[in-house]
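> Everything below, folded, please.
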Amino acid sequence: MKKGVSFFVTVALMALASSLASAFDPSLLQDTYVAIAEPKNAVFVYGKFCKIPNLIVAKDFFDSRLDKPGNTSNPVGSAVTLINIAQIAGLDTCGISLVHIDYAPYGQKPPHTHPRATEILNVLKGTLLVDFITSNPKNRLISKVLYKGDVVVFPVGLIHFQFNVGHTHAVTLATPSNKNLGVITNSQSNVWIKSRHQTLDKEKHNKGS
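Take a look at the predicted model:
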């Protein structure tokens with residue numbers, strides 16, 4: 001009797017799993033998904049109201065804010081210009097966004113993580129020290145000085161940091177793998193920054209001696 005019940009339960013679970021799998025389509029169902037705040041003339045898709053495809057226009061896919069440098073007159077000496085679904089509604093479901101960062105001399109992007117995105121960062125101008133730390137238990141520090149044209153990858157969820165080690169302004173362009181990457185600033189960022197500055201000062205001193 002128990003074997004019969006167990007068999008019946010197993011078959012029922014397999015049937016349920018099969019029905020769920022066949023009902024789920026991992027591929028996109030249309031060419032474009034343009035997020036829209038007003039549900040009129042829209043359908044609810046992937047957590048956002050989506051503009052009906054025949055109503056999309058060119059401005060749903062463009063932004064023109066990267067022609068001006070960001071204001072780096074702040075305590076960390078950097079300015080972030082984010083292009084995500086809030087700026088380009090056509091990024092909905094595309095799985096990508098854009099981050100433009102300006103750095104004053106010795107400016108920094110304090111330690112932070114992106115819980116929903118891997119980030120690939122390209123140095124357009126200047127010289128940057130970049131770090132990231134691997135997860136527990138080893139917590140390895142991966143560190144590299146980057147120059148114009150260099151590229152680095154920050155794996156999803158790992159704490160990372162950028163510091164302009166040059167005497168001039170620096171600029172980077174990053175492409176996170178999410179339309180809304182999310183940012184968590186590390187609570188120990190001041191300790192990290194102080195430690196990295198001490199390390200850089202020692203390196204400069206050693207080179208000069």
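> Can you give me every residue that contacts residue 165?
Contacts for residue 165 (C-beta atoms under 8 Å, 6 or more residues apart in numbering) come out as 106, 127-129, 145, 200. (C-beta placed from N, C-alpha, C; glycine too.)
> Please tell me how far it sits from residue 131.
Using C-beta to C-beta, to the nearest Å, one gets 12 Å for the distance from residue 165 to residue 131.
> Please apply the same query to residue 87.
28 Å.
> So which of those two has more stuff around it?
residue 131 (18 against 14; other C-beta atoms under 10 Å).
> name the element the more buried one belongs to?
strand 128-133 (DSSP states H and E).
> hmm, back to that, check the contacts of residue 165 and tell me the two furthest apart.
Farthest-apart pair in the contacts of residue 165 is 106 and 145; separation 14.0 Å (C-beta to C-beta).
> residues near the closest residue to residue 99 other than its chain neighbours, how many?
Counting by C-beta to C-beta, 6 or more residues apart in numbering, residue 99 lies nearest to residue 174, which is 4.2 Å off, once chain neighbours are set aside. Per other C-beta under 10 Å, the neighbour tally for residue 174 reads 24.
> Pull the residues that contact the helix or strand containing residue 174.
Assessed by DSSP H and E, residue 174 sits inside strand 170-176. Here strand 170-176 makes contact (C-beta under 8 Å, 6+ apart) with 69, 96-103, 107, 114, 117-128, 162, 164.
> Any of the residues you listed buried? List them.
Buried members of the contacts of strand 170-176, counted by 16 or more other C-beta atoms under 10 Å: 97-103, 107, 114, 117-119, 121, 123, 125-128, 162, 164.
> Can you list which of these are found in strands?
Mapping the buried ones among the contacts of strand 170-176 onto strands (DSSP state E) picks out 98-103, 119, 121, 123, 125, 128, 162, 164.
> Those into a markdown table, with extra columns for pLDDT and distance to residue 184?
Shown next, in a markdown table, are those (pLDDT from 0 to 100; distance: C-beta to C-beta, whole Å):
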| residue | pLDDT | distance to residue 184 |
| --- | --- | --- |
| 98 | 95 | 20 |
| 99 | 95 | 15 |
| 100 | 97 | 20 |
| 101 | 97 | 17 |
| 102 | 98 | 22 |
| 103 | 98 | 21 |
| 119 | 96 | 13 |
| 121 | 98 | 17 |
| 123 | 98 | 24 |
| 125 | 97 | 27 |
| 128 | 96 | 21 |
| 162 | 95 | 16 |
| 164 | 96 | 22 |
